[in-house]
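> Structure of the sequence below:
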Amino acid sequence: MAEKKRERVAIFIDGSNLYHSLKRFNTPKINFKKLINILSGERLLVSVFYYNAPLDITLNPEKYWKQQKFFNQLREIPKFNVVLSKLRKYMKNKEVIAYEVKGDDVHLAVDIVSGAYENLYDVAIIVSGDEDFVPAIDKIKQLNKKVENAYFIGSSSAALKNISDSSICVNKIIKEIL
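This is a model prediction of the structure:
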């Protein structure tokens, strides 16, 4: 009897979305290894991508180096890739300077679609609540890839959950990944 081939899984983490979701729900730091293990299950993990941007070192060197240490810890996880984008500084109003991550969603969308075309995975797991990924997910589903969405209550798009083959609420597994 032939052994059933295990599904290959790639995980795509919208780092900024995850960070702000954790912050919004006053959740402590999570264990990324545990998150990856829960999301991939018994399937074959082929890669994990984490998208974010480095902080501005001139604004707060201590925070910058703390974040760099965090990125380096992620890079030590097998099959884990940190993809860095740009941090854009802008005037929110006349007195407040704000920052936003730019390019992370585009990097994620390109990687998830190109990975599907290159047949690098069977299942893509997107850890985000951002509706902007719906067109990319629609495209990879046309290539007969499965999509799972890991999201937080209150910070996820119904459209993203609806286009995905399945979804998991991170709030329900939060105690397991602390």
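> which residues in the protein form helices?
In the chain, the helices defined using DSSP state H lie at 15-24, 32-40, 61-75, 104-117, 134-142, 158-163, 170-173.
> quick one: which of those is nearest K5?
For the helices of the chain, distance to K5 was read as Cβ to Cβ. The smallest value, 15.3 Å, belongs to helix 32-40. From N, CA and C alone the C-beta is placed, and that goes for glycine too.
> and that closest one with helix 15-24, angle?
Interaxial angle of helix 32-40 relative to helix 15-24 (axes from the mean of the first three to the mean of the last three Cα atoms, to 10 degrees): 100 degrees.
> who touches Y117 in this structure?
The contact partners of Y117, taken as Cβ atoms under 8 Å, 6 or more residues apart in numbering, are L143.
> Quick check: it vs R24, distance?
According to Cβ to Cβ, to the nearest Å, Y117 and R24 sit 34 Å apart.
> Likewise for L84?
Per Cβ to Cβ, L84 is found 23 Å from R24.
> With neighbour numbers in mind, choose between these two.
Set side by side, L84 and R24 show more neighbours around L84, with 16 against 11, by other Cβ atoms under 10 Å.
> now that one: how far from S157?
Taking Cβ to Cβ, one finds L84 at 24 Å from S157.
> ok, now N17?
As judged by Cβ to Cβ, N17 and S157 stand 10 Å apart.
> what is in contact with the two at once?
Listed contacts common to N17 and S157 are G129, D130; contacts here mean Cβ under 8 Å, 6+ apart.
> Could you identify the longest strand within the chain?
Longest strand in the chain, counting residues (DSSP state E): strand 44-52.
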